[in-house]
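A.B. asks: Give me coordinates for this.
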Amino acid sequence: MNVMSPAEGLEALERALEPIDRVLIVTHINPDGDAVGSALGIRGILEATGKSTEIVISDSIARKYQFLIDRPVLKFDDPILSNLSEKELFQMVIFVDTSERERVGPVLDHLHDWLVQGAPEVNIDHHVSNDCFGDIVIVDPERASSAELVLRMAETLGVDCTSVIADQLFAAVLTDTGRFQFSNTDAHSLRAAASLVAAGADPSLIARRIYFERPVPFFRLLGHLLSTIDLYHGGRTCLMIMPRELATKFFPDGHLDSEGIVDYTMQVEGVEVGIFIRQTGDGVYRASLRSRGRVDVRLIAEVFGGGGHEKASGCEVRGSLEKVKDNIVSEVVKWLS
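C.D. replies: Here you go, the predicted structure:
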């Protein structure tokens, strides 16, 4: 563990970048708005300083975030990354919005093929569960989003955000604060948002594209899910389950964006913990957990090998659907006081 204050980490990053020309940027699997916006923002900031950069991810970026992409993002199996010449290797890798190295998925297995020997690892994140991996650590659990640290990075490097970068970082702040509704919304996140709007971010456009442009099949699926929710523990826990065949029925092309569905479980009166379980493979389920505040769902997710935030976390669980459901619900009740 390499413990640094965010200020120390930013100063170390500035020094480390001086002799470097090529930087690789990676983020976690199933990238959300903060992961996408922060990675794109870092790319724009570094390129403004003359660096050559690439973003490489393990999963595709959801359609609702595609409008933020100013040039292509590479998948880990892109032919471009095969057999890089010595001069094409990256001299630094930046992990953003990633609490541990393994969270980047298959990308991790290929890093040794893409990096020069001894390339420093930079860790930029805001998760309290971050294990402070890497050579340069810029981690601040007090921040509502990783984008707020990326904005500080721009200030440290003397880069003024363009309207494109401002849109990317604003989208990241917007989504990780739940449209400024989550309890992590504070003066710092609002000041960051204000500075990004001053730099050219378009809040109305960003909110519309991310939250208010869903395809018709999504609402048909959502209607079915809402009609089948279950309540437990005297109405304090709300559960919603989406088997794979249900997702396939409404999205046969497999392009379902289920991010945000779990939030509907928290709109039920009296609910303290919301759970959304979706099947991702044979006997494999992804559970998203939300809390009104009294229960730290990060601790629940960690029981199953996951993690996240106190009020928003997730984990992958294997087994039969009934067993997965029972195990999670049984764990939740232990934390309800």
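A.B. asks: and Ile165, what does it touch?
C.D. replies: Contacts here follow Cβ atoms under 8 Å, 6 or more residues apart in numbering; on that basis Ile165 touches Leu40, Gly41, Gly44, Ile45, Ala154, Ala199. The C-beta positions use only the backbone N, C-alpha and C, and glycine is treated the same way.
A.B. asks: let's see it at 7 Å
C.D. replies: Neighbour list for Ile165: Gly41, Gly44, Ile45 [criterion: Cβ atoms under 7 Å, 6 or more residues apart in numbering].
A.B. asks: got it, and Thr49?
C.D. replies: Leu157, Val159 are the contacts of Thr49 under Cβ under 7 Å, 6+ apart.
A.B. asks: Distance check, it against Leu84.
C.D. replies: Distance, Thr49 to Leu84, by Cβ to Cβ, to the nearest Å: 22 Å.
A.B. asks: Tell me where this protein has strands.
C.D. replies: Secondary structure of the chain (DSSP state E): strands located at 22-27, 52-57, 74-75, 92-96, 121-125, 136-139, 230-232, 237-242, 273-281, 284-291, 307-308, 312-318.
A.B. asks: hey, where'd the helices end up in the stretch 51-200 of the chain?
C.D. replies: Taking DSSP state H, counting those that start in this stretch as the criterion, the stretch 51-200 of the chain carries its helices at 107-114, 146-157, 163-176, 187-198.
A.B. asks: for the last one, which positions count as buried?
C.D. replies: By neighbour count on 16 or more other Cβ atoms under 10 Å, the buried set for helix 187-198 is Ser189, Ala192, Ala193, Ser195, Leu196.
A.B. asks: So, low pLDDT: which residues of this protein?
C.D. replies: Applying pLDDT under 70 to the chain flags residues 1.
A.B. asks: domain assignment for it?
C.D. replies: Domain assignment for the chain, taken from automatic domain parsing, gives 6-211, 216-335.
A.B. asks: To Glu100, which of the helices of the stretch 51-200 of the chain lies closest?
C.D. replies: Among the helices of the stretch 51-200 of the chain, helix 107-114 comes nearest to Glu100, with 10.0 Å by Cβ to Cβ.
A.B. asks: Would you mind measuring from the residue of the chain most remote from its centre to Val333?
C.D. replies: For the chain, the residue at maximal distance from the C-alpha centroid (Cα atoms, centre = their mean) is Gly234, at 32.1 Å. Plainly put, Gly234 is 10 Å away from Val333 if you go by Cβ to Cβ.
A.B. asks: Also Gly223?
C.D. replies: From Gly223 over to Val333 (counting by Cβ to Cβ), the distance is 29 Å.
A.B. asks: ok, now Ser5?
C.D. replies: For Ser5, the distance to Val333 - Cβ to Cβ - is 39 Å.
A.B. asks: go on, Val197?
C.D. replies: Relative to Val333, and taking Cβ to Cβ, Val197 is found at 43 Å.
A.B. asks: again with Glu100
C.D. replies: Distance from Glu100 to Val333, by Cβ to Cβ: 28 Å.
A.B. asks: Please say which of these two ends up with more neighbours.
C.D. replies: Shown here are Glu100 and Val333; by other Cβ atoms under 10 Å, Glu100 has more neighbours (18 against 12).
A.B. asks: Leu46 is in contact with Thr53, isn't it?
C.D. replies: Yes: here Leu46 lies in contact with Thr53, judged by Cβ atoms under 7 Å, at a distance of 5.1 Å.
A.B. asks: Can you check which residues contact both of the two?
C.D. replies: Contacts common to Leu46 and Thr53, judged by Cβ under 7 Å, 6+ apart, are Val23.
A.B. asks: ok, and the closest non-adjacent residue to Val116?
C.D. replies: Leu89 (4.7 Å; Cβ to Cβ, 6 or more residues apart in numbering).
A.B. asks: For the one you found, give me its contacts.
C.D. replies: Trp114, Leu115, Val116.
A.B. asks: go on, His233?
C.D. replies: Val333, Leu336.
A.B. asks: and the residue farthest from the centre of the chain, what are its phi and psi?
C.D. replies: Note on Gly234: its backbone torsions stand at phi 70, psi 30 [degrees, to the nearest 10].
A.B. asks: With Gly235 instead?
C.D. replies: Per-residue torsions, Gly235: phi 90, psi 10 (degrees, to the nearest 10).
A.B. asks: these two touch, right, it and Val273?
C.D. replies: No: with contacts counted by Cβ under 7 Å, Gly235 stays clear of Val273, the gap being 11.0 Å.
A.B. asks: neighbour count winner among these two?
C.D. replies: Val273 (27 against 12).
A.B. asks: distance of that one from Val332?
C.D. replies: 5 Å.
A.B. asks: overlap in contacts of the two?
C.D. replies: Listed as contacting both Val273 and Val332 by Cβ under 7 Å, 6+ apart are Thr237.
A.B. asks: Fine by me, thanks again.
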